[in-house]
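S.K.: starting from these lines, generate the structure:
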Amino acid sequence: MRTPQENELQAELFHSIMDHAAFLTKGEIRFLRGYTNYYVQTDQGYIHQDESGVGGISAVWYCHPDWHLNWGGELVVYDVQDKDMFEDAGKYLYEKNIMRDEDRQGFYDHVMSSPMHAVTPVANRLVIFDSNVLHAARPPQSSDALRLSTALKLADTHY
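M.R.: The predicted structure is shown next:
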């Protein structure tokens, strides 16, 4: 059971993330859901979208106490230009959580060759991005590292 101080800290964090995300919206911001991600060296992050549709916003706050650059654990964001290929392959991967073998390699080759950005999970960093963007969390490369984040899924009510 949480103490009143812990509840207050949680509320402050939630409102701070919502305030930061509000700068990216055209309408009001609405909370959809939230959860905590916990990655260790043996975990695997998969390429995915958080939401499909206009107006979705993802906010990730890295809440581990410290981070060393050599630990890895980046949030990798892919810039896929060929949306048709993604949508065709994505119906298998995202709706049914499977993909035919003949589709798998071409899809991953295309995504992996796309320009990308890597965001180091520095302690206390907040990353806010469009929920439609393909991304993946990479596990830490050190057995001593714990990659801990809180994720909020939000929506812009303008859309």
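
S.K.: now do the end-to-end distance for stretch 60-75.
M.R.: 10 Å (Cα to Cα, to the nearest Å).

S.K.: residues touching it, excluding its own?
M.R.: With contact meaning Cβ atoms under 8 Å, 6 or more residues apart in numbering, stretch 60-75 is reached by 13, 17, 36-37, 39, 118-128, 135-142, 144-152. From N, CA and C alone the C-beta is placed, and that goes for glycine too.

S.K.: assign Arg2 to helix, strand or coil.
M.R.: coil (DSSP: H, G, I helix; E, B strand; the rest coil).

S.K.: now it. Nearest residue, chain neighbours left out?
M.R.: Once flanking residues are discounted, Arg2 sits nearest to Gln10: 7.4 Å by Cβ to Cβ, 6 or more residues apart in numbering.

S.K.: can I assume that neighbour sits in a strand?
M.R.: No. Counting by three-state DSSP, Gln10 is located in no strand; its state is helix.

S.K.: do you know the pLDDT at it?
M.R.: We have a pLDDT of 83 for Gln10.

S.K.: same thing with the one 10 residues further on?
M.R.: The predicted local confidence for His20 comes out at a pLDDT of 85.

S.K.: tell me the SS of it?
M.R.: Here His20 is helix, with the state taken from three-state DSSP.

S.K.: hang on, it packs against Val127?
M.R.: No. Using Cβ atoms under 8 Å, His20 is not in contact with Val127; the gap is 10.1 Å.

S.K.: in the sheet, who's paired with Leu126?
M.R.: Trp61 (DSSP bridges).

S.K.: count of neighbours near it?
M.R.: When counting by other Cβ atoms under 10 Å, one arrives at 16 neighbours for Leu126.

S.K.: and stretch 8-22, how far out from the chain middle?
M.R.: Relative to its chain's centre, stretch 8-22 lies at 17 Å (Cα atoms, centre = their mean, to the nearest Å).

S.K.: count of residues packed around the residue nearest to Arg2?
M.R.: Gln10, neighbours per other Cβ under 10 Å, totals 12.

S.K.: inside helices: which ones of the contacts of stretch 60-75?
M.R.: Using DSSP state H, the members of the contacts of stretch 60-75 that fall within helices are Leu13, Ile17.

S.K.: can you tell me which of the contacts of stretch 60-75 are buried?
M.R.: The neighbour count (16 or more other Cβ atoms under 10 Å) marks 17, 39, 119, 121, 126-128, 135-140, 145, 147-152 as buried among the contacts of stretch 60-75.
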